[in-house]
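>>> Below: sequence and its predicted model.
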Amino acid sequence: MSSLTPTTRSQLLAHLRSDQSARWQRGERVSVEDYLSQHPQLADDMEAVLALIGAEVLHRRESAEQPSLEEYLLRFPNHADELRRVWPWLRIGQPPERVESDSPASTLAENTPSNVPTRREPSAPALPGFELHEKLGEGGMGVVYRAWDSGLGQPRAVKVIRGGFRGELAYERFQREAKAVARLDHPGVVRIYALGEHDGDLFISMEFLEGGNLSTRLRQGPLEIREAAELVRQLAVAVQHAHDHKVLHRDLKPANVLLTADGKPKVADFGLAKLLDEDDDLTRPGDVMGTPSYMAPEQAEGRLKDIGARTDVWALGVILYECLSGRPPFRGETRSETLELVKRERPASLRRLRADAPIELEIICLHCLEKRPERRYATAAELAADLQTWLDGKRVRSWSSGRRRLWRAAAFAVVLLLGLAVAAFPRFREHQPEPDLPPPQTVNLPLAPGIQHSLLTREPIALRWPKGGKKHFDPELQELQVMKCEGLGLIVLGETFAPRYQIAITMDQTPWTGNIGVFFGYQEGEEKGEPIQRYQTLELRSERDARQGSLLHVDWNVASHEGLKDRQRSSLNGLRSSESFPAIASFHRLQFQVGPKGLEWVEWDGEKSIRLGAEKLKAPPPPASYKGLFGIYVRDGSGMFRDAQYQFQEEP
């Protein structure tokens with residue numbers, strides 16, 4: 001048992017909870033064990049340990065993690081029985097101190113109508129004119145209580161500043177939130193009735209909604225498709241109202257969407273809002289604000305000058321994606337990993353997570369989730385209009401390139417699928433896998449211009465593959481691993497006839513031997529009466545430099561194979577250009593664009609090359625086609641490939 005007096009114990013626990021919240025908000029993953037090692041007198045204090053565990057679970061869930069009971073049973077075996085009892089409340093953010101097993105008070109709090117006062121929450125501050133009952137939620141800076149306005153006899157939600165954030169900045173943020181919402185008068189925005197302070201506690205009295213929040217609703221599973229589209233449409237209309245009144249939310253997420261009794265959504269929690277017509281923003285360049293899974297890339301990188309209306313549009317796209325699939329598009333094991341996913345990775349195909357999701361809604365989601373803000377919907381109103389158009393059964397504006405273009409693209413892809421399936425390359429038929437393997441890889445159907453389409457959704461087929469070479473495809477992770485490839489390997493991912501297109505792929509060269517990369521523009525023909533195959537490559541080549549450390553070179557080549565197989569001459573027709581990059585991470589992201597005149601640009605780990613590209617060449621490039629088959633290139637090497645994407649920007 002603890003040797004602390006009740007007063008000192010309470011003060012110590014309040015201090016630790018405050019410190020815990022502040023450090024998690026700064027990105028420091030302080031653990032409950034850290035505090036117990038510093039204060040061993042609390043180790044056997046079950047209530048104190050559960051309070052710290054409850055706060056840690058809440059912070060981890062806010063970072064898009066899914067902590068499990070099994071983990072905490074292993075970490076705290078001495079409190080296993082109590083953990084099992086209170087876990088259902090801990091995992092949804094309810095404080096363990098209000099859980100009383102089978103107690104009349106607990107049952108009353110669960111079943112009392114909203115217009116009847118219930119018992120007061122013991123840990124809540126005393127505010128004149130209000131009775132604070134159970135916690136409804138807990139965010140980065142404030143705790144929200146279900147409350148009773150004793151003067152007006154009305155239910156309210158009261159947000160009280162958390163102890164660890166008292167000070168000038170917290171006061172400014174609270175004022176900013178009240179000032180932002182005071183500008184707004186819309187049925188889709190939670191109303192604020194009063195801003196006050198009592199005994200150092202800042203609080204906001206606001207509208208109470210019986211339906212809880214969207215985050216809690218989504219724990220039960222994804223929404224019906226039309227329900228999800230309508231809900232996000234209503235949110236987009238409310239967000240547009242805020243933008244029209246110069247208010248950016250900057251922290252849109254399911255936990256900040258409250259629901260009425262009949263399920264209508266309302267935007268809440270403007271604690272990170274920015275008033276566009278005022279200069280006194282409470283953030284500085286480089287600050288990372290918000291919840292990682294719902295941040296736009298410009299937020300994740302702290303680029304404040306790029307944060308605007310399209311940042312809120314990104315978050316609406318994430319909410320739509322989560323309402324349809326049951327999970328946000330970006331969720332790593334840690335906060336920093338999630339931020340990297342937001343900045344670097346493409347979202348998984350929505351229709352892969354939910355087969356009945358309409359492609360129009362996937363396109364709308366992807367239009368919101370463009371990494372570059374200028375490529376997203378310009379306004380939330382445009383998003384709302386597209387969702388309304390879809391709900392009305394009409395063609396979506398983002399789909400306005402026309403069905404003719406889609407059907408032509410779909411027909412082309414079907415031709416590719418059939419052509420490869422019947423071994424369109426007889427000269428290399430001996431290199432084809434066994435007939436019972438899956439059909440060759442092609443992009444998702446139907447295609448649409450300007451949309452990224454995943455490629456590694458089924459096992460691809462090798463066009464050329466050396467004896468002894470091994471490869472392994474993981475359909476769940478959409479990864480392809482190649483091993484012990486002694487010779488040349490070409491693995492087809494697709495074919496394109498578009499005049500301008502982009503290809504992106506993540507790859508890891510392991511070990512540092514041989515070359516891996518991509519090929520594109522594969523064509524077969526005849527020259528001087530003999531068969532010839534020609535294509536282009538972007539190769540990854542590694543080098544260890546005594547002064548500069550490990551370097552990676554990206555080389556642009558033209559490859560050709562002349563003659564019949566038994567007397568074939570193979571060559572790289574001269575190194576077109578090369579660029580070196582420091583080898584920092586294991587996996588690297590290669591993205592490039594090809595246009596009517598050739599290779600237009602190459603991007604390596606988000607950084608544009610200054611040497612690679614047709615316009616950088618002083619001499620005309622060797623003859624080669626930029627249209628045709630494309631895929632993975634391996635020469636005497638091993639590596640891992642994943643997250644392969646393709647898009648065309650103009651009609652084929």
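Noted; the coordinates are in hand.

>>> buried set for stretch 303-319?
Using 16 or more other Cβ atoms under 10 Å as the test for burial, stretch 303-319 gives 304, 306-319. All C-beta atoms are positioned from the backbone trio N, CA, C, and that covers glycine.

>>> Same check on stretch 67-82?
Neighbour-count burial for stretch 67-82 [16+ other Cβ under 10 Å]: 67, 72, 76, 79, 82.

>>> Pick out the residue nearest the middle of the protein.
Of all residues in the chain, the one closest to the mean position by Cα atoms, centre = their mean is residue 330, 2.2 Å from it.

>>> my guess is that residue contacts residue 345, does it?
Yes - taking Cβ atoms under 8 Å as the definition, residue 330 is a contact partner of residue 345 at 6.8 Å.

>>> Which residue, neighbours along the chain excluded, lies closest to residue 230?
Nearest non-adjacent residue to residue 230, counting by Cβ to Cβ, 6 or more residues apart in numbering: residue 391, 6.3 Å away.

>>> Next, the contact list for that neighbour, please.
Taking Cβ atoms under 8 Å, 6 or more residues apart in numbering as the criterion, residue 391 is in contact with 226, 229, 230, 233.

>>> Would you mind checking those residues for buried ones?
Buried subset of those (neighbour count, 16+ other Cβ under 10 Å): 229, 230, 233.

>>> Kindly indicate which of those lies nearest residue 533.
Set against residue 533, the nearest of the buried ones among the contacts of residue 391 by Cβ to Cβ is residue 229 (47.6 Å).

>>> pLDDT at that closest one, what is it?
Residue 229 carries a pLDDT value of 96.

>>> wait, it sits on residue 387?
Yes - between residue 229 and residue 387 there is a contact at 5.1 Å, judged by Cβ under 8 Å.

>>> quick revisit: for the buried ones among the contacts of residue 391, which one is nearest residue 334?
residue 229 (32.2 Å).

>>> Confirm that closest one sits in a helix?
Yes - according to DSSP: H, G, I helix; E, B strand; the rest coil, residue 229 belongs to a helix.

>>> tell me what the longest strand anywhere in the chain is packed against?
Taking DSSP state E as the criterion, the chain has its longest strand at strand 628-648. Counting by 3 or more Cβ pairs under 8 Å, 6 or more residues apart in numbering; DSSP states H and E, the packing neighbours recorded for strand 628-648 are strand 453-454, strand 479-496, strand 501-509, strand 515-527, strand 530-545.

>>> Centre of the chain to it, how far?
Centroid separation between strand 628-648 and its chain, computed with Cα atoms, centre = their mean, to the nearest Å, is 23 Å.

>>> Report the mean confidence score over that strand.
Strand 628-648 comes out at a mean pLDDT of 88.

>>> What of stretch 381-390?
According to the model, stretch 381-390 has a mean pLDDT of 94.

>>> cool, stretch 65-83 as well?
Confidence for stretch 65-83, expressed as mean pLDDT, is 84.

>>> Run through who's touching that stretch.
Residues outside stretch 65-83 that contact it (Cβ under 8 Å, 6+ apart) are 32-33, 43-44, 46, 49-50, 53, 56-57, 60-61, 84, 87, 90-91, 333-334.

>>> In helices, which of these appear?
32-33, 46, 49-50, 53, 56-57, 60-61, 84, 87, 90 (DSSP state H).

>>> Redo these as a markdown table? Include distance to residue 459 and neighbour count.
Formatted as a markdown table, these follow (distance: Cβ to Cβ, whole Å; neighbours: other Cβ atoms under 10 Å):
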| residue | distance to residue 459 | neighbour count |
| --- | --- | --- |
| 32 | 45 | 23 |
| 33 | 44 | 13 |
| 46 | 53 | 18 |
| 49 | 49 | 21 |
| 50 | 48 | 24 |
| 53 | 44 | 22 |
| 56 | 42 | 21 |
| 57 | 40 | 23 |
| 60 | 36 | 16 |
| 61 | 36 | 17 |
| 84 | 43 | 12 |
| 87 | 41 | 20 |
| 90 | 42 | 24 |
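
>>> So which of these is the closest to residue 254?
residue 61 (11.5 Å).

>>> thought residue 485 was touching residue 469?
Yes - the criterion here is Cβ under 8 Å, and residue 485 meets it with residue 469 at 4.2 Å.

>>> The two: which is more packed in?
Ranked by neighbour count (other Cβ atoms under 10 Å), residue 485 and residue 469 place residue 485 first, with 21 against 18.

>>> Now do the same contact list for that one.
Taking Cβ under 8 Å, 6+ apart, we find residue 485 in contact with 465, 466, 469, 470, 514, 634, 635, 636, 637, 638.

>>> will you turn these into a markdown table that also has distance to residue 150?
As requested, the contacts of residue 485 are arranged in a markdown table below (distance: Cβ to Cβ, whole Å):
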| residue | distance to residue 150 |
| --- | --- |
| 465 | 78 |
| 466 | 81 |
| 469 | 77 |
| 470 | 74 |
| 514 | 76 |
| 634 | 74 |
| 635 | 78 |
| 636 | 79 |
| 637 | 74 |
| 638 | 72 |
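
>>> any idea which of those residues has the most stuff around it?
Of all the contacts of residue 485, residue 634 has the most neighbours under the rule other Cβ under 10 Å, reaching 29 neighbours.
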